[in-house]
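Q: quick one, what's the 3D model for this:
(one chain, ligands or ions: 1)
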Amino acid sequence: MFSSGDKVTKILIVEDEADIIDYLTIYCEAEGYKVMVSADGPTALNLFRNEQPDLVLLDLMLPGLDGLEVCRRIRSVSNVPIIMVTARREEVDKLLGLETGADDYLTKPFSPRELMARIRVIFRRLDNMSAEFKAELSETPSPKRPKIMKLGRLLINLDTREVSYDDTEVPTLTIKEFELLVTLSRQPGRVYSKSDLEESLYGGDYLLESRAIGVHISNLRNKLPNPRLIETVYGIGYKLSREAYSAGKL
Ligand code: CA
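A: A predicted model of the protein is given here:
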């Protein structure tokens with residue numbers, strides 16, 4: 001749906017350094033993406049609204065409105081994948097933080113190949129997810145019926161990506177948060193190691209620093225009505241708590 005078929009995949013590059021814009025554009029166009037460029041925050045938001053890009057590559061330091069604020073504003077209306085770019089490593093937690101809601105990040109200087117690999121992983125995961133959902137959907141007697149995972153008190157709508165718990169709607173999850181929850185819910189109670197989750201989220205194509213998984217887990221927890229619905233199994237990883245998939249209230 002994103003990287004295949006007739007639809008052109010659009011990437012919005014928000015960056016104020018002309019030479020970086022130039023080479024990113026060359027690499028993105030070589031992969032067949034349509035590129036839109038903004039050198040400042042306010043223009044980026046306008047372009048985002050008018051063009052509905054499939055992915056946003058967002059520099060942190062920008063004139064007008066900084067990358068964090070641009071990210072927040074886009075995230076408040078959209079689940080579009082956002083890759084943040086920063087020159088400072090120590091900002092990583094903030095970039096992936098709950099308020100900002102970026103999906104991934106790169107620290108400058110980065111190799112365009114690494115960036116292209118990450119973009120491909122994001123689009124392939126989206127493609128795989130929609131293909132999986134379509135496959136699951138075709139097995140059900142009524143294709144019109146929404147594809148719902150129901151685990152006790154937790155309801156996950158795989159079509160609309162809406163999640164509710166005890167009939168209370170969970171705030172919109174980012175792609176990574178949603179994938180984490182779906183992965184943990186596929187085998188409730190199973191302990192997933194960080195590398196299991198990385199494999200599931202990133203396809204094992206590249207080695208992501210494990211802290212990113214921890215940050216996405218923490219963001220997901222903060223959106224759930226009770227952060228303990230996802231348990232940490234010390235020294236091993238994470239699992240869905242029994243409370244989440246048991247039928248009644250404890
Ligand atoms: Ca900049």
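Q: what residues does this protein have near the ion?
A: Selection of the chain residues close to the ion by CB under 5 Å from the ion yields 16, 59, 61. C-beta coordinates here come from the backbone N, C-alpha and C atoms, glycine included.
Q: mind giving me the ChimeraX select for those, buried ones only?
A: Applying 16 or more other CB atoms under 10 Å to the residues of the chain next to the ion, the buried members can be selected in ChimeraX as follows:
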select :59
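Q: just name the closest of the residues of the chain next to the ion to R124, please.
A: Of all those, D59 has the smallest distance to R124: 24.3 Å, by CB to CB.
Q: circling back: need the residues of the chain next to the ion in JSON lines (columns: secondary structure and pLDDT).
A: Shown next, in JSON lines, are the residues of the chain next to the ion (DSSP: H, G, I helix; E, B strand; the rest coil; pLDDT from 0 to 100):
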{"residue": "D16", "secondary structure": "coil", "pLDDT": "94"}
{"residue": "D59", "secondary structure": "strand", "pLDDT": "93"}
{"residue": "M61", "secondary structure": "coil", "pLDDT": "89"}
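Q: nearest to Y165, of the residues of the chain next to the ion?
A: Out of the residues of the chain next to the ion, the member with the shortest distance to Y165 (by CB to CB) is D59, at 36.1 Å.
Q: surely the closest one touches A87?
A: No: if you go by CB atoms under 8 Å, D59 and A87 don't touch, sitting 9.0 Å apart.
Q: can you tell me the SS state at I13?
A: strand (DSSP: H, G, I helix; E, B strand; the rest coil).
Q: that one is in contact with I26, isn't it?
A: No: using CB under 8 Å, I13 is not in contact with I26; the gap is 11.4 Å.
Q: so these two - more neighbours on which side?
A: I13 (24 against 11; other CB atoms under 10 Å).
Q: dump the residue contacts of the more buried one.
A: Contacts for I13 (CB atoms under 8 Å, 6 or more residues apart in numbering) come out as 21, 24-25, 28, 35-38, 57.
Q: got the residues you listed as JSON lines, with secondary structure, pLDDT and neighbour count columns?
A: Shown next, in JSON lines, are the contacts of I13 (DSSP: H, G, I helix; E, B strand; the rest coil; pLDDT from 0 to 100; neighbours: other CB atoms under 10 Å):
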{"residue": "I21", "secondary structure": "helix", "pLDDT": "93", "neighbour count": "18"}
{"residue": "L24", "secondary structure": "helix", "pLDDT": "92", "neighbour count": "21"}
{"residue": "T25", "secondary structure": "helix", "pLDDT": "94", "neighbour count": "17"}
{"residue": "C28", "secondary structure": "helix", "pLDDT": "95", "neighbour count": "24"}
{"residue": "V35", "secondary structure": "strand", "pLDDT": "97", "neighbour count": "18"}
{"residue": "M36", "secondary structure": "strand", "pLDDT": "96", "neighbour count": "20"}
{"residue": "V37", "secondary structure": "strand", "pLDDT": "97", "neighbour count": "19"}
{"residue": "S38", "secondary structure": "strand", "pLDDT": "96", "neighbour count": "24"}
{"residue": "L57", "secondary structure": "strand", "pLDDT": "96", "neighbour count": "24"}
